[in-house]
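predicted model and sequence follow; I will ask about them next.
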Amino acid sequence: MHAALVALGILLSRLLGLVRESLKARYLGATGGIAADAFNASFGIPNLLQNLFGEGALSASFIPVYANAVARGDRDEAGRVASAVGALLALATAVLVLLGIAFAPLIVPVLAPGFLEPEKRELTIQLTRILFPGAALFVFSAWCLGILNSHRRFFLSYAAPVAWNLVMIAALLFYRRSDPAALAYRIAWASVAGAALTVLVQLPVVLRLAVGLRATLGRGDASVRLVLRNFTPAFVGRGVIQISAFIDRVIASYIAGAVSLLFYTQTIIMLPISLFGMSVSAAELPEMSSAVGSDSDIAAHIRTRLNAGLRQIAFFVIPSAVAFLLLGDTILAAIFQSGRFGPVDTMFSWGILAAASLGLLATTLARLYSSSFYALHDTRTPLRISLIRVTLSASVGFVLALYLPRALGIAPQWGAAMLALSSSVAGWVELTLLRRRMNARIGQTGLDIRYAATLAAAALAAGAGGWGAKAYTAGLHRFATAALVLGAFGLVYIGLARMLGIPEVSGVMERLRRRR
């Protein structure tokens, strides 16, 4: 039930995010002009701050300690931990935001060295300065999320970004007739305003739940020290992952339009990761962290929840990956193909989406394994494994993206798909290593191969059904085409899964009946 609430909140936010990105692609474009690359690159730069301090590192360190205090009924300890973590985050992000604004002219050439045109680089610098404060607000929103999740208030924390998306969409529609550079400035300011609204909608509930908040840095407090001790490797681990994203952006900046193509496609690929990977992982982390008893009792509790979560994720992610691989052009055309985003952009984006889909299952399952390590207060194992993943992804991606298209005599934009492919390969290596280490800690875990093969067979048959429906959509509007093709895909998959006796289908159908 908790995972369903997380998924519902994420779904609302992500659907509006698709609308936002569709409008952005329409009015800013992708491979033509400078505004799209400048905005997407500048949005990614301060976003490093959000990803380093935000939900990932904070969930790994703060939620296990705070949720355990809540589960034990120790409201005084919970209040001290929440107060100290909030104060320390506020201080750290304030300093980094000021430094980011001041040193933006030095940061942008490092993170986007391929932006050689003076106009493009200057626009990126100015947009970066505007967007940095918004990233700090999103970090504070992650603190709110940690408190809400620990109290099992999942929906609000994941639906709160709806406010940010609505502000962005309103700005895109209101200023759509502006020239692309002016529009980029206006939606950057809208992003900051939306980030503030995201915090404000959560704050009243947070203040009601987190009793005993006060101004303190928690010096000398054992629980706060535990949070900080776990935070450091989690922060470094997030930093390692961001290094991988940074390398991808550096490589992409040398390929015309690749920064924007990667950004738009990531919006699509993140939908199942968020809905099914993040939702299950976010719901399971406080549940796993609340386990009490002997070491064997805790291990059995985590093992049971982990294996059930892996099956739940796979049921949704395997068909998502197949749909992206076989029907990605239909999906991308429906969402992005209009205005300045043309059929060629759709073709290149499908290549990126297809390559990323090959590692989609590994990426989502690895998130749940990482949450299991965090519940055991082990943030170092995921860090060490992420170092291996990033090293592999960066080295393979560099060679494939910059040299393989030239060797094959194809357009350089296909290099962006090569980056996604290298990430997929590295994702499977990461999952394999995480599973082996976890099995050594708590016993046998993992996704049953026969179960996964059954889901894959149903999804491939559904993909054939989608292709069949696509043959009858000539001349239809892109929205109608997507609705028919994806509708056929979904009906065939659910029907076959039910015929094959997949138990997760019954759970989905039961939830749908309850909502009616």
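Nice, I can see it. Numbering: from 1, shown residues only.

give me the three-state assignment for Ala458.
Recorded secondary structure, Ala458: helix (DSSP: H, G, I helix; E, B strand; the rest coil).

how far away is it from Gly277?
20 Å (C-beta to C-beta, to the nearest Å). The C-beta positions use only the backbone N, C-alpha and C, and glycine is treated the same way.

with Trp428 instead?
Trp428 is 15 Å from Gly277, by C-beta to C-beta.

which regions of this structure sit below the pLDDT cut-off?
1-9, 29-33, 45-60, 111, 116, 218, 233-246, 256-257, 291-292, 506-516 (pLDDT under 70).

show me where the stretch 201-350 of the chain has its helices.
222-252, 258-272, 279-289, 295-336, 343-357 (DSSP state H, counting those that start in this stretch).

angle of the last one against helix 295-336?
Orientation check (axes from the mean of the first three to the mean of the last three C-alpha atoms, to 10 degrees): helix 343-357 against helix 295-336 gives 170 degrees.

okay, the helices of the stretch 201-350 of the chain in CSV with distance to Phe103 next?
Formatted as CSV, the helices of the stretch 201-350 of the chain follow (distance: least, C-beta to C-beta, whole Å):
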stretch, distance to Phe103
helix 222-252, 16
helix 258-272, 21
helix 279-289, 34
helix 295-336, 34
helix 343-357, 31
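
which one of Trp428 and Gly277 has more residues nearby?
Legend: neighbour count by other C-beta atoms under 10 Å for Trp428 and Gly277, higher for Gly277 (24 against 17).

what about the spatially closest residue to that one that is not a sequence neighbour, how many neighbours?
Spatial nearest neighbour of Gly277, chain neighbours left out: Thr364 (3.2 Å); criterion: C-beta to C-beta, 6 or more residues apart in numbering. By the criterion of other C-beta under 10 Å, Thr364 has 29 neighbours.

quick one: Thr364 and Gln312 touch, right?
No: if you go by C-beta atoms under 8 Å, Thr364 and Gln312 don't touch, sitting 10.4 Å apart.

just list the residues touching Arg26, thanks.
By C-beta atoms under 8 Å, 6 or more residues apart in numbering, Arg26 lies in contact with Phe336, Ser338, Gly339, Arg340, Phe341.

which of these sits closest to Leu207?
Nearest to Leu207, judged by C-beta to C-beta, of the contacts of Arg26 is Phe336 at 39.8 Å.

relative to Leu496, how far out is the closest one?
Distance, Phe336 to Leu496, using C-beta to C-beta: 30 Å.

looking at these two, which one has more neighbours?
Neighbour count, other C-beta under 10 Å: between Phe336 and Leu496, Phe336 has more, with 27 against 20.

correct me, but the more buried one touches Glu21?
Yes: with contact defined as C-beta under 8 Å, Phe336 reaches Glu21; the gap is 7.2 Å.

buried ones in the strand or helix carrying Val485?
Using DSSP states H and E, the element containing Val485 is helix 478-499. Of all the residues in helix 478-499, those buried under the rule 16 or more other C-beta atoms under 10 Å are 478, 481-486, 488-489, 492-494, 496-497.

next one: stretch 88-96
Leu88, Leu89, Ala92, Thr93, Leu96.

looking at these, which are in helices?
Under the assignment DSSP state H, the buried residues of stretch 88-96 contribute Leu88, Leu89, Ala92, Thr93, Leu96 to helices.

and the residue nearest to the fourth one when sequence neighbours are not counted, how far is that from Ile187?
Residue nearest to Thr93 in three dimensions, not counting chain neighbours: Ala136, with 4.2 Å by C-beta to C-beta, 6+ apart. Distance from Ala136 to Ile187, counting by C-beta to C-beta: 18 Å.

if you count what's nearby, which of the two comes out ahead?
When neighbours are counted by other C-beta under 10 Å, Ile187 comes out ahead of the other of Ala136 and Ile187, with 29 against 26.

which SSE is that one in?
Ile187 belongs to helix 180-209 when assigned by DSSP H and E.

quick one: buried residues of that helix?
Residues of helix 180-209 classed as buried: 180-181, 183-185, 187-188, 190-199, 201-202, 205-206, 209 (neighbour count, 16+ other C-beta under 10 Å).

so what's the gap between that helix and the chain middle?
Taking C-alpha atoms, centre = their mean, to the nearest Å, the mean C-alpha location of helix 180-209 is offset from the chain mean by 18 Å.

show me what it is packed up against.
Applying 3 or more C-beta pairs under 8 Å, 6 or more residues apart in numbering; DSSP states H and E, one finds that helix 180-209 contacts helix 2-28, helix 35-53, helix 118-150, helix 154-159, helix 161-174.

the inter-axis angle of the third one versus helix 2-28?
Computed with the same axes, to 10 degrees, the direction of helix 118-150 lies at 160 degrees from that of helix 2-28.

next, the angle helix 161-174 makes with helix 118-150.
Relative orientation of helix 118-150 versus helix 161-174 (the same axes, to 10 degrees): 150 degrees.

helix 118-150 packs against which elements?
Helices and strands touching helix 118-150, as assessed by 3+ C-beta pairs under 8 Å, 6+ apart, comprise helix 35-53, helix 55-71, helix 75-102, helix 104-111, helix 154-159, helix 180-209, helix 279-289.

I'd like the ones you listed laid out as JSON lines, including distance to Ile169.
Output for these, formatted as JSON lines (distance: least, C-beta to C-beta, whole Å):
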{"stretch": "helix 35-53", "distance to Ile169": "15"}
{"stretch": "helix 55-71", "distance to Ile169": "23"}
{"stretch": "helix 75-102", "distance to Ile169": "25"}
{"stretch": "helix 104-111", "distance to Ile169": "26"}
{"stretch": "helix 154-159", "distance to Ile169": "16"}
{"stretch": "helix 180-209", "distance to Ile169": "9"}
{"stretch": "helix 279-289", "distance to Ile169": "23"}
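
between those helices, which gets nearest to Arg229?
helix 55-71 (8.0 Å).

from Leu431, how far off is Arg305?
Here Arg305 is placed at a distance of 18 Å from Leu431 (C-beta to C-beta).

the more surrounded of the two?
Using other C-beta under 10 Å as the criterion, Arg305 and Leu431 rank with Leu431 on top: 24 against 21.

show me what the host helix or strand of the more buried one is packed against.
Assignment of secondary structure by DSSP H and E places Leu431 within helix 415-442. Applying 3+ C-beta pairs under 8 Å, 6+ apart, one finds that helix 415-442 makes contact with helix 222-252, helix 258-272, helix 295-336, helix 343-357, helix 360-375, helix 380-408.
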